[in-house]
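**Student:** starting from these lines, generate the structure:
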Amino acid sequence: MNTVSTQDLMDWAVALAGQSTMPADSAIYIPGQNIKKVLFGIDVHASDLLLGQKLGVDAVIAHHPADALVNFPKIFERHVDLMTSQGIPEDRARRAIEPMTERWRDRFQSANYDHVVSVARLLEMPFLNIHNPLDEYGRQRMAQAVSLIRPEQPVADVIGALMTLDEIRSAPIHPVVAVGTASAPAGRVMVVHGAGTNGGYEIAKEYFRQGIGTVVYIHLATDAKLRLRKEAEGNVVVVGHLPGDLVGIQPFVDLLREKGLEVIGFSGVS
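**Tutor:** Presented below is the predicted three-dimensional model:
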């Protein structure tokens, strides 16, 4: 195996997703070289960096960004791309992401954005997070799984198609119909993932308005779910956060192992 750097790890993930550049929700916080052994988790906190040091790893990879990534809301532009691909006018798409963008900007105003990265710096532990490339690859896999669902088929068949993916089938939680009913016609199905975070009420509403019958999210807040249920304009299938993330993460872990790296999975990663 040739010498591996943190940049190589990022480049491999970007290539897996068919992208050309590192997106706004991913970052190399502490660069490193000569990487042979990594600790990889969906969420990484300061104490987990100490765990990595104790285990003798050469780098720690997180899926979710550290709060140091204050430009994270820029990735919501991907929601605009997904919506306009379905014919939703750009001005409506941009209005739909405004509440989500504001919530996240408010969060960063109160966040201690230096905490986790400062621990990595003091430990001299190479540290990065890879979010959108793996979510985008997972979105592609889920979209392929449901691509043969015909509009007249029931929403239950959408769940059946998603359950053909190992990461979803083997999880302790399974997809659920959060809005609508399993027996309702699925209509056109749209997998909404790989855009920073789920679209919540506003984005699902726009898809329904555009004639999408079923939206697939990996998670949905209770208040948004209840509003969408009350309006009863379409169906939402929720995959589950960890299984949905793992659809993109586990193939990347397999790729790293094929390249000769030792990967210690934790925090959801096997």
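**Student:** okay, CA-based contacts and neighbour counts for the rest of this
**Tutor:** Noted.
**Student:** so where is the stretch 1-150 of the chain shaky, pLDDT-wise?
**Tutor:** 1 (pLDDT under 70).
**Student:** ranges for the helices of the stretch 1-150 of the chain?
**Tutor:** Secondary structure of the stretch 1-150 of the chain (DSSP state H, counting those that start in this stretch): helices at 6-16, 46-55, 77-85, 90-110, 115-123, 132-146.
**Student:** could you list the domains of this structure?
**Tutor:** The record's domain parsing of the chain by automatic domain parsing lists 6-131+246-263, 136-244.
**Student:** got the end-to-end distance for the last one?
**Tutor:** Distance between the two ends of domain 136-244: 11 Å, counting by C-alpha to C-alpha, to the nearest Å.
**Student:** what's around the nearest residue to residue 5 once chain neighbours are set aside, how many residues?
**Tutor:** Once flanking residues are discounted, residue 5 sits nearest to residue 33: 4.2 Å by C-alpha to C-alpha, 6 or more residues apart in numbering. When neighbours are counted by other C-alpha atoms under 10 Å, residue 33 registers 14.
**Student:** what about residue 33, distance to residue 63?
**Tutor:** From residue 33 to residue 63 the distance is 20 Å (C-alpha to C-alpha).
**Student:** all strands for the stretch 101-250 of the chain, in order.
**Tutor:** Assigned by DSSP state E, counting those that start in this stretch, the strands in the stretch 101-250 of the chain fall at 127-129, 176-179, 188-191, 212-217, 235-238.
**Student:** in CSV: those strands, plus distance to residue 228.
**Tutor:** Shown next, in CSV, are the strands of the stretch 101-250 of the chain (distance: least, C-alpha to C-alpha, whole Å):
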stretch, distance to residue 228
strand 127-129, 33
strand 176-179, 7
strand 188-191, 16
strand 212-217, 11
strand 235-238, 9
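**Student:** dump the residue contacts of the residue minimising distance to the centre of the chain.
**Tutor:** Note on the chain: the residue nearest the mean C-alpha position is residue 135, at 3.8 Å, using C-alpha atoms, centre = their mean. Applying C-alpha atoms under 8 Å, 6 or more residues apart in numbering to residue 135 gives the contacts 193, 194, 195, 245, 247, 248, 249.
**Student:** what about 7 Å?
**Tutor:** Contact analysis of residue 135 by C-alpha atoms under 7 Å, 6 or more residues apart in numbering lists 193, 194, 245, 248.
**Student:** excluding its backbone neighbours, what's nearest the last one?
**Tutor:** Here the nearest residue to residue 248 in space, its sequence neighbours aside, is residue 138; by C-alpha to C-alpha, 6+ apart that works out to 3.8 Å.
**Student:** all set now, cheers.
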